[in-house]
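> Kindly return the folded structure for what I paste below:
(2 chains)
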Amino acid sequence: ETGVTQSPTHLIKTRGQQVTLRCSSQSGHNTVSWYQQALGQGPQFIFQYYREEENGRGNFPPRFSGLQFPNYSSELNVNALELDDSALYLCASYAQEGLRNEQFFGPGTRLTVL
Amino acid sequence: AQKVTQAQTEISVVEKEDVTLDCVYETRDTTYYLFWYKQPPSGELVFLIRRNSFDEQNEISGRYSWNFQKSTSSFNFTITASQVVDSAVYFCALSEEGGATNKLIFGTGTLLAVQP
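The predicted structure is shown next:
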């Protein structure tokens, strides 16, 4: 158990729709990262939030956006869904002031876009 | 550029065999961290080990052992006396110390199937 939870577990959407995925981090973890894992691939870094501000982004378009809240929860929003957005979405959290590489992953949300 | 290569896509072994999963990395940084994660069918990434670039000592944890060699940029993972419960996808990952983010660069993973 990592203490990081994600909801929902599974989600089915159609192309063009919008989706919000949620992550709840451990208390004290002020940094959260989101990853996209396509089938048969390794996770790819989407972006990172620190103290409610985005402070790093991978190679993903602006229709991928996020929010981080003071209660250690966060959201990943994806607009104008495309078929290629079908993937497992993972969040990972840690305390920036602690051991930066001690990241804790949630169980993921599996998104299917039809 | 940062890159992690896991050349073995799938490995199948019979229970009690030893198996080594290969990982080769590329980075220009002198300070970095290397990781191994296990991903069972449930999807959650399970942390196995973290090594920093200044510590080349090999590590053993039960049936698991890791061989870190900076000279060949490799960080290989060996499971001794494999068990069916070891069946999973294993990912090697790289993280650099500097910069604002702590992103992990993952390899494509190795699917290990341990047959009874």
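> which residues of chain A score low on pLDDT?
Scanning chain A for pLDDT under 70 picks out A:1, A:96-101.
> Enumerate the residues of it near chain B.
A:2, A:31, A:33, A:35, A:40-45, A:48, A:50, A:55-56, A:58, A:88, A:90, A:92, A:94, A:100-108, A:110 (CB under 8 Å from any CB of the partner chain). C-beta coordinates here come from the backbone N, C-alpha and C atoms, glycine included.
> Need the contact partners of the lowest-mean-pLDDT helix or strand in chain B.
Lowest by mean pLDDT, DSSP states H and E among the helices and strands of chain B is strand B:59-61, with a mean of 86. With contact meaning CB atoms under 8 Å, 6 or more residues apart in numbering or on different chains, strand B:59-61 is reached by B:49, B:51, B:65-66.
> The same query, at a cut-off of 6 Å, please.
B:W66 (CB atoms under 6 Å, 6 or more residues apart in numbering or on different chains).
> Find out how far the next helix-or-strand element following it is from the centre of the chain, if you would.
Where DSSP states H and E defines the elements, the next helix or strand beyond strand B:59-61 is strand B:64-69. The chain centre lies 9 Å from the centre of strand B:64-69; the measure is CA atoms, centre = their mean, to the nearest Å.
> partners of strand B:64-69 in the sheet?
Strand pairing for strand B:64-69, determined by DSSP bridges: strand B:59-61 (antiparallel), strand B:74-79 (antiparallel).
> what sits up against that strand?
B:49, B:51, B:56, B:58-59, B:75-78.
> Return a selection command, for use in ChimeraX, containing the buried ones of the residues you listed.
Of these, the buried ones go into a single ChimeraX selection, burial set by 16 or more other CB atoms under 10 Å in any protein chain shown:
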select /B:49,51,75,76,77,78
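> Quick one: residues contacting B:E26.
B:E26 neighbours (CB under 6 Å, 6+ apart): B:K3.
> Perfect, I'm done here.
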